[in-house]
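3D model of this:
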Amino acid sequence: MATGRTHRPATRSRGIPEATVARLPLYLRALTALSERSVPTVSSEELAAAAGVNSAKLRKDFSYLGSYGTRGVGYDVEYLVYQISRELGLTQDWPVVIVGIGNLGAALANYGGFASRGFRVAALIDADPAMAGKPVAGMPVQHTDELEKIISDNGVSIGVIATPAGAAQQVCDRLVAAGVTSILNFAPTVLTVPDGVDVRKVDLSIELQILAFHEQRKAGEESSADSADDAEGTAPPAAAKPHRKGPDGDVPAVMPA
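Numbers count the residues shown, from 1 in each chain. This next block holds a predicted model:
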């Protein structure tokens, strides 16, 4: 669902294509589930099915990591978890700030998946003075006046924007000026950033509109199929074949034995 413009992918120097980078988290999620079940090895076919890709594409992706598996055995699950985690930069702690603690921002703050994947929520920030000091997910909300100091004190390089669209660009500008170089944008707007800053956009309404398009198309196909069935049911009966004339009169289509 995350889409956007990438200016300086960390893996570009290693020659890993962007499409492969986008699939690495899918593989890691599937591998983590296998690891939690104490599965030692997995075939490319099994892992590809779990990640929702085809096995040939998976093997090509893993070749960029220098991992080729063992014929007849498959891939070592724990080693692949380590390899992909290292490639994605998840073997270190990444402090993150969330700006905009409305319903969406609060839900993100309460999401337990960040910490387990190497992302530590360092601060929750909101422009509403009434929110300052209120605990959300066990952490006090801080006012935007402190944004630059928070980023500096915590060494933050990743910011999450969950503000209304009208405030998003200003927040983005302040984050970038304070030293943030990667932004996950949930605001329904396109952000303008300088070179050297990566932006990933998540827009749930766009995803729903795409699903609505597919639902409408399926409904249209079903309607067309029903119309075709109705047309077949009301087709006029085929005209009877004319009888042939014989010397003794009409010859029936099937002669009696």
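
so where's the longest helix in the protein?
Ranked by residue count and defined by DSSP state H, the top helix of the chain is helix 204-233.

So for stretch 89-96, what gets flagged as buried?
Neighbour-count burial for stretch 89-96 flags Leu90, Trp94, Pro95, Val96 (criterion: 16 or more other Cβ atoms under 10 Å). For every residue, glycine as well, the C-beta is placed using N, CA and C.

Figure out how far stretch 192-201 is from the centre of its chain.
Mean-position distance between stretch 192-201 and its chain equals 18 Å (Cα atoms, centre = their mean, to the nearest Å).

Quick one: mean pLDDT over it.
For stretch 192-201, mean pLDDT is 96.

quick one: low-confidence parts of the stretch 151-257 of the chain?
For the stretch 151-257 of the chain, the stretches flagged by pLDDT under 70 are 226-257.

mind redoing it with 80?
For the stretch 151-257 of the chain, the stretches with pLDDT under 80 are 222-257.

For it, which segments count as strands?
158-161, 182-185, 198-201, 244-246, 249-251 (DSSP state E, counting those that start in this stretch).

For the third one, C-alpha coordinates in PDB please.
Coordinates of the C-alpha atoms in strand 198-201 are reproduced here as PDB (Å, rounded to 0.1, in the frame of the first residue of the first chain):
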ATOM      1  CA  ASP A 198      13.000   9.900   0.900                       C
ATOM      2  CA  VAL A 199       9.200  10.100   1.100                       C
ATOM      3  CA  ARG A 200       6.800   7.200   1.200                       C
ATOM      4  CA  LYS A 201       3.100   7.900   1.000                       C
END
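
And it, what does it pack against?
In terms of contacts (3 or more Cβ pairs under 8 Å, 6 or more residues apart in numbering; DSSP states H and E), strand 198-201 is packed against strand 182-185.

can you check the second one too?
Using 3+ Cβ pairs under 8 Å, 6+ apart as the contact criterion, the elements in contact with strand 182-185 are strand 158-161, helix 165-178, strand 198-201.

Run me through the strand neighbours of it, direction for each.
Strand pairing for strand 182-185, using DSSP bridges, gives strand 158-161 (parallel), strand 198-201 (parallel).

Can you mark which positions in the last one are buried?
Neighbour-count burial for strand 198-201 flags Asp198, Val199, Lys201 (criterion: 16+ other Cβ under 10 Å).

before we move on, the earlier item: for the buried residues of stretch 89-96, give me a markdown table that also has secondary structure and distance to Gln142.
Below are the buried residues of stretch 89-96 laid out as a markdown table (DSSP: H, G, I helix; E, B strand; the rest coil; distance: Cβ to Cβ, whole Å):
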| residue | secondary structure | distance to Gln142 |
| --- | --- | --- |
| Leu90 | coil | 26 |
| Trp94 | strand | 19 |
| Pro95 | strand | 14 |
| Val96 | strand | 14 |
